[in-house]
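Novice: Task: produce atomic coordinates for the following.
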Amino acid sequence: MSTLKEIQGRNIESVSSDPASAEGGDIWYNSTSQTLKGVVAGAAFSSGAPLSIGRFSSAGAGTQTAALIAGGGAPAKDVTEEYNGSGWSTGGALNQARYYIGGAGTQTSALAMSGRNPAAGWALTNTEKYDGSAWTNSTASPTALNQVTTTGTQTAALLWGGVPAPSPGAPVATTFEFDGSSWTTGGVLPAGVKVAGAFGTQTAAMSAGNETGSTLFYDGSSWSDQSATVPYSGADYWNYAGTSGTQTAGILMGGGPSAVTTTAKWDGSTWSSNPAMATARNNGAMGPIGTSTAGLVAGGAPAITATEEYNFGTTVTTAAAWASGNAMNTSRRYVAGMGTQTAGLFASGYTTTASAAAESYDGSSFTSVPSLGTARYAASSAGTQTAGLVFGGMIGGLKDETEEYNGSSWAEQSNLNTARGEAGGLGIQTAALMFGGSLPSPTGATEEYDGSSWTTSPNSLNTARRGIIGGSGTQTAGLAFGGTPPVTGATESYNGTAWTAVSPLITARASLAPAIAGTQTAALAFGGDTGSVSAATELYDGTSWVTQPSLGTARRMGGGAGTISAAMIAGGGTPGNTAASEEFTAATTATNIKTFTTS
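Specialist: Numbers count the residues shown, from 1 in each chain. The predicted model follows:
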């Protein structure tokens, strides 16, 4: 038997703690734990940010960090969403809403083919091209079909099988090739198929499942049976699955007709079992997304939003998530929040009347601190746990009072120039910003605070609004989002002088937390009111909003604090008052270190 030194040219190193920069193949002895350890590759699924709209049988394309899904059902949708590896954002709408639709290509050069929309036809010939922002109609496919299987690129796509109108009907065995402008007939399948697993290119494709579990290869002219059966159990479980990879290395995820968590790995000649997904699904995105080592599956029946990433490598991903924290001492809504996840301050609110109560949070528990001088609710806030600021609000009328907190007591300061409530706030105690709110009518008026007095800005929000507007950033680089009436997703950036409209929230809403985590270019919006209480979370990256994991408990009017990687919300309405808190932790990756044993 060869020794490690003979293989790698070195002996096993003894260390007192695991090395921070270990790589795949590294082995060491941890003298503290007296264990042999090393970095190994492994396969695992982790939760990704959810779709903003639940759907099944949408068109899929792209990679794990630049994916696209379009359409889906039911009913038939035209909505496109794009994934950047962190979350989903809204893209251009399809010209023809449909589901059981085939996809191919990349996020900026995609193809959507065929499909079903009962209002337009049980089987369609529509073909559309996507350029990264908009869909345009292209040459119709030769035969009206739905439940097709597709792969390839926008200029070299392959479509096979499917069910013609009327539906239900027997699947066909035809194959069609698309060169970016016209369709031609390809080789005939051994038997008709529908929504099989698809991998590869126009000249090197694979069809997995095919009603019988068979595996077929396409070489650009004809199909051949590989005599390899997908290792799923139960009728048709290999159909309606999500896929990632190529003809020689792929992953099959889920299936039907009953949704399953099962996945299978293809190495070019044989199938093998693979780790299961967390969410059972079938009818995910139709068209391969990603590779055999970095895949993605999203959506599925019955119109779910769940997204999962598949990775094979020497790193382990822990998905972003909200987790329950300890409860506040006073249950309330309309809470004003300040500070961070481990040093927060929450003040004012509404119980059965306006409240002056204030509580600090140390990352574990809430402690009551001195109350505000003026009880109020729907107030705005800025600052930190030991240098907080609460201003405006409501109690039997609109308030203009401003109070500063120094870590031990509150002191009243100069009043706002205009009394108002349900406004947005951001910044620090000596450089804060207030915008929008109720006067009592919605306003876009903006005021700046310098630590001693308020000055009215000559420029107002472009969209006048109230309803507890979300705010993030600083007095000279701020962000405002959401509000009402009507409920809006309007987002605007502030440069210290003027407001500029930028990309809106995906989900329009009001009653966001009065102080929201983040900066002007890295903000987090969570909870709120869309007409009903929301749990939606979105991340702003300076260009657009993308989805993030939802709150565990939908709520509005909660107090927010922290950053985009470590945020929290406390209190709020569910719709009744709650004292519950939740903490958000962004996704992290770590080296996959294993302890070797003799068992």
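Novice: how long is stretch 93-108 from one end to the other?
Specialist: 14 Å (Cα to Cα, to the nearest Å).
Novice: whoops, I mixed them up, stretch 26-45
Specialist: End-to-end distance for stretch 26-45, by Cα to Cα: 24 Å.
Novice: That one - what's its average pLDDT?
Specialist: Stretch 26-45 carries an average pLDDT of 82.
Novice: quick one, what contacts G85?
Specialist: Taking Cβ atoms under 8 Å, 6 or more residues apart in numbering, we find G85 in contact with Q64, T65, A66. All C-beta atoms are positioned from the backbone trio N, CA, C, and that covers glycine.
Novice: check which helix or strand covers it.
Specialist: Assigned by DSSP states H and E, G85 falls within no helix or strand.
Novice: for it, phi and psi?
Specialist: When quoted as degrees, to the nearest 10, the phi and psi of G85 stand at phi 100, psi -10.
Novice: Leaving out sequence neighbours, find the closest residue to A336.
Specialist: S381 (3.8 Å; Cβ to Cβ, 6 or more residues apart in numbering).
Novice: and what of A249?
Specialist: S292 (3.9 Å).
Novice: now P19
Specialist: Once flanking residues are discounted, P19 sits nearest to W28: 6.7 Å by Cβ to Cβ, 6+ apart.
Novice: Touching, the one you found and S17? I think so.
Specialist: No. Counting by Cβ atoms under 8 Å, S17 is not a contact partner of W28; they are 9.9 Å apart.
Novice: Neighbour count: these two, which is higher?
Specialist: Shown here are W28 and S17; by other Cβ atoms under 10 Å, W28 has more neighbours (19 against 10).
Novice: Run through the residues that contact the closest residue to M277 other than its chain neighbours.
Specialist: Distance criterion Cβ to Cβ, 6+ apart; nearest residue to M277, sequence neighbours excluded, is T261 at 4.6 Å. Taking Cβ under 8 Å, 6+ apart, we find T261 in contact with G254, A276, M277, A278, T279, A280, R281.
Novice: shouldn't V79 be in contact with L51?
Specialist: No. Using Cβ under 8 Å, V79 makes no contact with L51, being 9.2 Å away.
Novice: who's more crowded, the two?
Specialist: A count of neighbours by other Cβ under 10 Å puts L51 above the other of V79 and L51, at 25 against 19.
Novice: Name the residues of stretch 420-437 that are buried.
Specialist: Neighbour counts over stretch 420-437 (16 or more other Cβ atoms under 10 Å) mark 420-429, 431-437 as buried.
Novice: My error: substitute stretch 310-319 in the last question.
Specialist: When neighbours are counted by 16+ other Cβ under 10 Å, the buried residues of stretch 310-319 are found to be Y310, N311, F312, T314, T317, A319.
Novice: Now the second one: which helix or strand?
Specialist: Going back to what we said before, that points to N311. Using DSSP H and E, N311 falls in strand 307-313.
Novice: And the contacts of that strand?
Specialist: By Cβ under 8 Å, 6+ apart, the residues outside strand 307-313 that reach it are 24, 41-51, 64, 83, 88, 244, 251, 253, 263, 277-279, 290, 292-299, 317, 592.
Novice: rerun at 6 Å
Specialist: 41, 43, 45-46, 48, 50, 64, 251, 277, 293-298 (Cβ atoms under 6 Å, 6 or more residues apart in numbering).
Novice: and the residue lying closest to V316 once chain neighbours are set aside, what are its phi and psi?
Specialist: Nearest residue to V316, sequence neighbours excluded (Cβ to Cβ, 6+ apart): N592, at 4.9 Å. Backbone torsions of N592, given as degrees, to the nearest 10, read phi -80, psi 90.
Novice: In this structure N592 contacts T318, no?
Specialist: No. Taking Cβ atoms under 6 Å as the definition, N592 is not a contact partner of T318, at 11.7 Å.
Novice: so where do the helices sit in the stretch 1-150 of the chain?
Specialist: Ranges of helices within the stretch 1-150 of the chain are 4-8, based on DSSP state H, counting those that start in this stretch.
Novice: Report the residue spans of the protein with pLDDT below the cut-off.
Specialist: Counting by pLDDT under 70, the chain shows low-confidence ranges at 1-10, 23-24, 167-168, 233-238, 515, 598-599.
Novice: Show me it divided up by domain.
Specialist: Here the domain parsing of the chain from automatic domain parsing is 4-41, 45-312, 345-515.
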